[in-house]
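Visitor: Let's see this in three dimensions:
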Amino acid sequence: MNRKAFLLGFFSIGGQVLLLRELVSSLNGDELFIGVALFSWLASVAIGSIIGGRDSFQMKSFPLFFAAVIFLPASIMGVRLSSVIIGLNAGEIIPFASAALISISMMLPVGLIFGALFSVITREGYRPAESIARVYLFEGLGAFVGGIANTALVGRTFSTLSMAVALGLTTITLYLLPIWKKKILFIGGLLFVLLLLIKSFVPFVDTQLDSLKYKSYRIEASFDTHYGHQAILSRDSAVSLLTDNTVEGSYPDLMAAENILIPPLLYNPQAQNILFIGRTELGIRQLAYNLPNLKITALDPREPLSSALDRIIPPGRLVQRLADDPVAFLARRNILTKYDIIIINCGEPDNYKNSRFLNDNFLMTASTLLKEGGVLFYPSKYDSDRHISPDKAEILSIISGSLKKAFAHISVWSGEMTLFFASDKPLFDLPVDSIIARADSLGYRPQYISADYLIDRFQRIKTDRLNDALKSSTEINTLGKPNLIYKQAIFRSKIDTIDRAIIPLVFKENIWIVILPAVILAILVLTIMKRQRRRLYGLFLFFAAGLVSLSLELISFYVYQTSAGSIYSEMGALIGIFMLGLSLGTFISLRMDNDHLEFPALILLLAGALVFMATYSNVNPKAVLYYYLFFMFTIAIGSGSLFVAAANRYYFGRPESNRGLGYAFELAGSSIGALVPTMILLPLIGLQWLIISIIIFLLVALLAAILTG
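Guide: Numbering: from 1, shown residues only. Next up, the predicted model:
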């Protein structure tokens with residue numbers, strides 16, 4: 001039982017992380033889908049657990065493991081080709097409703113299998129409370145190993161698809177190892193050879209899948225990094241870089257390159273040292289060849305992408321490249337070099353990965369890296385040349401307000417790309433003639449940032465329309481209340497009929513603030529009002545363990561990525577340490593002779609939430625990863641202990657009970673924790689009140705534990 005539970009954790013956490021990576025990378029990198037995907041994963045595991053716990057379910061563990069080996073890579077391939085199935089072109093945005101349906105359908109088969117496996121494995125023990133807790137313990141240990149393996153291998157050694165095949169093959173080999181123990185060296189060597197073949201062959205399959213996905217293009221390169229899926233496409237003489245199915249840039253595109261590099265030089269013509277956040281290979285470094293006095297430092301964490309682009313696109317002028325996360329780079333604050341210009345070329349703020357560059361914390365930190373009179377420049381992709389819709393105006397206004405929070409002076413240009421400038425000095429009150437004169441004196445004659453183009457861009461009617469739009473909102477984008485990603489979702493919802501109905505309802509209606517607590521409170525009241533309230537409260541404790549642990553886990557993911565650095569390279573380690581904490585909490589609780597384990601468990605979770613609320617904004621950048629590892633480890637210990645307390649309450653003296661029911665309640669709580677806190681409540685009530693809401697929930701659960709004693 002213990003070995004099978006370990007393999008279940010090892011395989012299931014790998015499957016979960018890989019499917020999440022593939023869903024995010026195939027659905028335009030939008031992290032809002034993580035909540036939907038996690039919800040569907042946990043809900044399907046819960047359903048599978050209930051089904052597997054029924055007496056009529058007689059399937060053994062091996063065929064279930066074997067089915068997961070088949071379905072996991074098949075689901076990943078299904079996700080990869082989902083845009084083709086629904087008839088979208090390369091890089092075209094997938095509507096939220098379609099993406100949610102894809103997330104649910106692709107998570108369902110594997111989730112059902114792993115849920116059923118949990119119940120099947122627990123049936124091998126006689127005492128239900130003990131067997132459930134022991135499976136939970138060893139599943140956590142396996143998940144820890146699986147999380148670390150994913151962190152170490154995915155994006156470096158294996159792609160998402162090849163890792164799925166490798167995980168399945170390794171799991172089946174370890175499952176059958178007792179049968180082959182006399183040939184363990186031979187089996188180990190064979191497994192190693194097969195893993196090498198997978199590493200060599202599956203990337204070819206990845207490329208073929210992208211060939212089906214982007215039919216009219218030639219695939220120059222297709223590979224995974226820690227941060228997502230990269231595809232470099234070519235057609236005729238044009239090259240396009242797609243990151244997570246979104247066009248990051250094209251080459252040649254002189255108009256875009258000039259709009260990104262030339263305008264800040266017109267306000268700071270003596271500039272020599274530029275920090276560029278993003279890729280410079282798609283026209284920037286080629287354009288910089290004509291501006292010999294510039295020294296450009298490009299900051300982007302995707303090191304494998306650099307060599308791939310160098311093989312395909314002419315290099316132009318050499319640019320110093322730093323393979324580092326921009327938030328982490330700026331957060332260290334001990335960098336001696338200061339810059340004349342910082343260019344944030346992050347694209348639309350449609351996910352936390354991009355929108356974090358436009359919150360007040362990052363912008364204030366960026367201001368400390370500018371020389372006196374330096375310029376921060378954000379070339380947005382929003383078209384403000386003609387009509388500006390109310391939703392677009394709100395986004396532009398929030399960006400402007402966020403810049404004003406960090407800088408004393410800002411300026412905005414209208415056009416097919418709306419350009420934002422910010423500085424600590426009044427550099428922007430220049431007449432159009434002066435700006436044109438500076439453009440003519442660069443030593444390079446721009447084709448698009450030219451006299452005719454600038455005169456048209458600064459027409460009074462256009463500047464007045466844009467300035468009016470910038471007054472449409474007083475909100476700013478902050479760590480505590482990230483508005484941009486949700487405003488972007490509302491803005492994009494107009495392209496799809498179903499999205500137009502769903503998205504505003506989810507992200508604009510405050511009714512959720514009343515409905516959700518009322519539903520949870522009703523569940524609690526119904527539980528403690530029943531005759532067998534001590535036992536039935538155990539089901540609520542299962543629910544509470546899932547809700548609180550996953551809510552705090554996703555909150556910590558959000559805060560880490562927004563304030564400390566990208567979550568993608570550390571996700572496996574953070575999930576792994578969380579699962580290790582669950583195992584340790586379960587192990588300690590199993591060895592304790594205590595009828596009221598729920599009290600120390602709830603108090604530990606309460607203390608962890610309180611300490612996090614008080615300290616998350618004041619963590620030393622050098623210690624930030626250790627801080628989050630410790631926080632998640634602590635919360636996981638409390639959750640594991642609460643799981644054992646719930647099992648003791650509900651299953652004591654009832655060996656005939658459905659052994660998947662308690663686990664299903666825990667997953668039901670986790671499902672709500674995945675979907676509601678960071679996806680719905682965070683933009684409505686903000687981070688502080690979200691954490692306070694969890695603290696109130698824990699206090700209510702603690703009071704109910706006393707009443708049901």
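
Visitor: Low-confidence ranges, the stretch 1-150 of the chain, go.
Guide: 1, 28-33, 90-91, 125-130 (pLDDT under 70).

Visitor: actually the stretch 451-600 of the chain, not the one I wrote
Guide: Ranges of the stretch 451-600 of the chain meeting pLDDT under 70: 508-514, 523, 526-534, 568-569, 571-572, 593-594.

Visitor: quick one, helices of it?
Guide: Listed in chain order, the helices of the stretch 451-600 of the chain (DSSP state H, counting those that start in this stretch) span 451-457, 460-469, 484-492, 497-508, 512-529, 533-563, 571-591, 598-615.

Visitor: Go through the ones you listed and name the closest to residue 347.
Guide: Among the helices of the stretch 451-600 of the chain, the nearest to residue 347 by Cβ to Cβ is helix 484-492 (10.7 Å). The way it works is simple: take the backbone N, C-alpha and C, and place the C-beta from them, glycine included.

Visitor: List of residues touching the closest one?
Guide: Contacts to helix 484-492, defined as Cβ atoms under 8 Å, 6 or more residues apart in numbering, come from residues 30-32, 93, 96, 348-352, 355, 358-359, 389, 391-392, 394-395, 398-399, 477, 499, 503-504, 507-508, 683.

Visitor: which ones among those residues are found in helices?
Guide: Judged by DSSP state H, these include 32, 96, 352, 355, 391-392, 394-395, 398-399, 499, 503-504, 507-508, 683 as members of helices.

Visitor: Using the three-state scheme, assign residue 346.
Guide: Assigned state for residue 346: coil (three-state reduction, DSSP: H, G, I helix; E, B strand; the rest coil).

Visitor: avg pLDDT for stretch 347-355?
Guide: Mean per-residue pLDDT for stretch 347-355: 84.

Visitor: What segments of this structure are strands?
Guide: Listed in chain order, the strands of the chain (DSSP state E) span 218-225, 228-235, 238-243, 246-251, 273-277, 295-299, 320-322, 339-344, 370-379, 409-413, 419-423.

Visitor: quick revisit: list buried residues within the contacts of helix 484-492.
Guide: 30-32, 93, 96, 348-352, 355, 358-359, 391-392, 394-395, 398-399, 477, 499, 503, 507, 683 (16 or more other Cβ atoms under 10 Å).

Visitor: Quick check: residue 700 touching residue 525?
Guide: No: judged on Cβ atoms under 8 Å, residue 700 makes no contact with residue 525 at a distance of 10.3 Å.

Visitor: Neighbour count: those two, which is higher?
Guide: residue 700 (15 against 10; other Cβ atoms under 10 Å).

Visitor: Give the full set of residues in contact with the residue nearest to the more buried one when sequence neighbours are not counted.
Guide: Nearest non-adjacent residue to residue 700, counting by Cβ to Cβ, 6 or more residues apart in numbering: residue 524, 6.9 Å away. The contact partners of residue 524, by Cβ under 8 Å, 6+ apart, come to 540, 700, 701, 704.

Visitor: quick one: residue 524 and residue 88, what's the gap?
Guide: With the distance defined as Cβ to Cβ, to the nearest Å, residue 524 ends up 44 Å from residue 88.

Visitor: do residue 202 as well
Guide: 25 Å.

Visitor: before we move on, what about residue 262?
Guide: In this view, residue 262 and residue 88 are 34 Å apart by Cβ to Cβ.

Visitor: out of these two, which sits in the more crowded spot?
Guide: residue 262 (19 against 16).

Visitor: pLDDT score for that one?
Guide: 95.

Visitor: same thing with the one 4 residues further on?
Guide: Per-residue confidence (pLDDT) for residue 266: 95.

Visitor: looking at it, it is touching residue 437, isn't it?
Guide: No: contact criterion Cβ under 8 Å: residue 266 and residue 437 do not qualify, at 9.4 Å.

Visitor: out of those two, which sits in the busier spot?
Guide: Neighbour count, other Cβ under 10 Å: between residue 266 and residue 437, residue 266 has more, with 23 against 14.

Visitor: what's the nearest residue to the more buried one once chain neighbours are set aside in contact with, if anything?
Guide: Excluding the flanking residues, the one nearest residue 266 by Cβ to Cβ, 6+ apart is residue 438, at 4.7 Å. Residues near residue 438 by Cβ under 8 Å, 6+ apart: 265, 266, 269.

Visitor: ok, residues contacting stretch 672-682?
Guide: 32, 34-36, 38-39, 41-42, 481-482, 506-507, 512-513, 516, 546-551, 553-555, 557-558, 690, 693-694.

Visitor: Which of the residues you listed are buried? Put it as a ChimeraX command.
Guide: The buried residues among the contacts of stretch 672-682 can be selected in ChimeraX (16+ other Cβ under 10 Å) with this line:
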select :32,34,35,36,38,39,41,42,481,482,506,507,512,516,546,547,548,549,550,551,553,554,555,557,558,690,693,694
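
Visitor: From what I see, residue 296 and residue 321 are in contact.
Guide: No: assessed by Cβ under 8 Å, residue 296 is found out of contact with residue 321, at 9.4 Å.

Visitor: Could you chop this protein up by domain?
Guide: With domains defined by automatic domain parsing, the chain comprises 1-217, 253-476, 510-709.

Visitor: can I get those in CSV with distance to residue 231?
Guide: Below are the domains of the chain laid out as CSV (distance: least, Cβ to Cβ, whole Å):
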stretch, distance to residue 231
domain 1-217, 5
domain 253-476, 10
domain 510-709, 17
